[in-house]
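Trainee: Fold the following.
(one chain, ligands or ions: 1)
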Amino acid sequence: MKPNLLDFTYPELERFCSELGEAPFRARQVWQWLWQKRERDFGRMTNISKELRERLGREVDVVWPEAVQVQTSRDGTTKFLLALGDGQRIETVLIPEKDHFTLCLSTQVGCALGCTFCATGRMGLVRNLTMAEILGQILVAREHVAGLAAGQAQGQTQDLALRNLVFMGMGEPLLNWENLRRALVALHHPLGLAFSKRRVTVSTVGVPGRLAELGALDVASLAVSLHAPTQELRARIMPKAARFPLDDLIAELAAYPLQPRQKITIEYVLLGGLNDDLSHARELVRLLNKVKAKVNLISFHPSPELPYAAPDMNRVLAFENLLKSKGLPATLRKSKGQDISAACGQLRAEMAALE
Ligand code: SF4
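Mentor: Now for the predicted structure:
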């Protein structure tokens, strides 16, 4: 099988072009075709010589994940079921905001961590995604958005750009560190996907050592899935993640490098009757007193296969108000796309839906 050109970082593409005897600016042209113009056919890369186009066609491929199912929910959230080269499947979710789209990306097929509230965790880990498979999700989504924009010209829909990325889909990003790192660096390239680092968020349960590497790379904001204010409760809700002791995780977060007005987002899914008491809110405030944090509360959406209930809305609001009254910024995230199982923790690449 030929290598996928989408797996090349920019310096690797430059090296590849120079091995083919080409000038460095050729790499720039090819990179723009791949990432800005979303071209997969070398034959259509018209500012490149015919010889080079033929040579590229002989040596490498350009392979995107294939959208085998696209579902759009009542609130406009779109979930893509994507088939990878080896037949594995992942999901990626495009969420419309007021003036842009946000894309929720997967980094692994399945996940090894098995958090008890998460559908992906029930799959176990199948494999890591490559850089091409991570960034290919953006290409698929941008192509879809371009189609919407074309429809908009005929008055059908709003013209929004895909500007925000959250690594919150299937998998634990920091357990696929090498491919994530390559993808994070590549997606900021100004001649390519050109994402601003302020608009990219990596969400993790916290992986020892990797947090510091992500901080040093300085290419994304950090969100941490905490979901409990004590080690004992966290170990019940997310047993494998909790092997990284809570005190050590909090110490790493307190030392995490941040810009002056930047904060770490703490994700906290409220599970009815389990972690949604006001006593938990008070403990959370105490736990985070040395971390520059804002809390994102998520009301759990029940699913038949998961052993939890939705929290009572009055308790959710009381929890949020207590955090705010103690000076800890908190927002209640509206879970979008629930009617198509695209909400947080619901992704699992439903094969059955296709058969
Ligand atoms: Fe993995 Fe995240 Fe699900 Fe936990 S919540 S099992 S880390 S995908």
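
Trainee: Pretty sure His188 sits against Arg198.
Mentor: No: under the criterion of CB atoms under 8 Å, His188 is not in contact with Arg198, lying 10.7 Å apart. All C-beta spots, glycine's among them, are computed from the backbone N, C-alpha and C.

Trainee: Of these two, give the one with the bigger neighbour count.
Mentor: Relative neighbour count places His188 above the other of His188 and Arg198, with 16 against 11, counting by other CB atoms under 10 Å.

Trainee: Heading C-terminal from the helix or strand bottoming out on mean pLDDT in the chain, find the next helix or strand.
Mentor: Of the helices and strands making up the chain, the lowest-confidence element is helix 131-153, at a mean of 90, by mean pLDDT, DSSP states H and E. Downstream of helix 131-153, the first helix or strand assigned by DSSP states H and E is strand 161-167.

Trainee: helices and strands around the helix or strand following that following strand, which ones?
Mentor: Once the chain leaves strand 161-167, the next helix or strand it forms, by DSSP H and E, is helix 177-186. Contact analysis of helix 177-186 by 3 or more CB pairs under 8 Å, 6 or more residues apart in numbering; DSSP states H and E lists helix 131-153, strand 200-204, helix 210-217 as its packing neighbours.

Trainee: which bits of the stretch 1-150 of the chain sit near the ligand?
Mentor: Where the stretch 1-150 of the chain comes near the ligand, counting by CB under 6 Å from any ligand atom, the residues are 111, 113-115, 118, 120-121.

Trainee: ok, 8 Å please
Mentor: 108, 111-115, 117-121 (CB under 8 Å from any ligand atom).

Trainee: Buried ones among those residues?
Mentor: For these, a neighbour count by 16 or more other CB atoms under 10 Å gives the buried set as 108, 111, 113-115, 117-121.

Trainee: What is the least confident helix or strand of the chain packed up against?
Mentor: Here helix 131-153 is seen to pack against strand 66-72, strand 78-83, strand 89-96, strand 100-104, strand 161-167, helix 177-186 when contacts are counted using 3+ CB pairs under 8 Å, 6+ apart.

Trainee: quick one on the thing from earlier: report the two of the residues of the stretch 1-150 of the chain next to the ligand separated the most.
Mentor: The two members of those with the most space between them (CB to CB) are Gln108 and Phe117, at 17.6 Å.

Trainee: what about the stretch 51-200 of the chain, any weak spots by pLDDT?
Mentor: For the stretch 51-200 of the chain, the stretches with pLDDT under 70 are 152-159.

Trainee: So the residue nearest to Met45 when sequence neighbours are not counted: helix, strand or coil?
Mentor: Nearest residue to Met45, sequence neighbours excluded (CB to CB, 6 or more residues apart in numbering): Trp33, at 4.7 Å. Here Trp33 is recorded as helix under DSSP: H, G, I helix; E, B strand; the rest coil.

Trainee: ok, Trp33 touching Gly43?
Mentor: No: in this structure, Trp33 is not within contact of Gly43 by CB under 8 Å, at 11.2 Å.

Trainee: hang on, the earlier thing: most neighbours per residue, which of the helices and strands packed on helix 131-153?
Mentor: strand 89-96 (a mean of 24; mean count of other CB atoms under 10 Å).

Trainee: helices and strands around it, which ones?
Mentor: The helices and strands touching strand 89-96, judged by 3+ CB pairs under 8 Å, 6+ apart, are strand 78-83, strand 100-104, helix 131-153.
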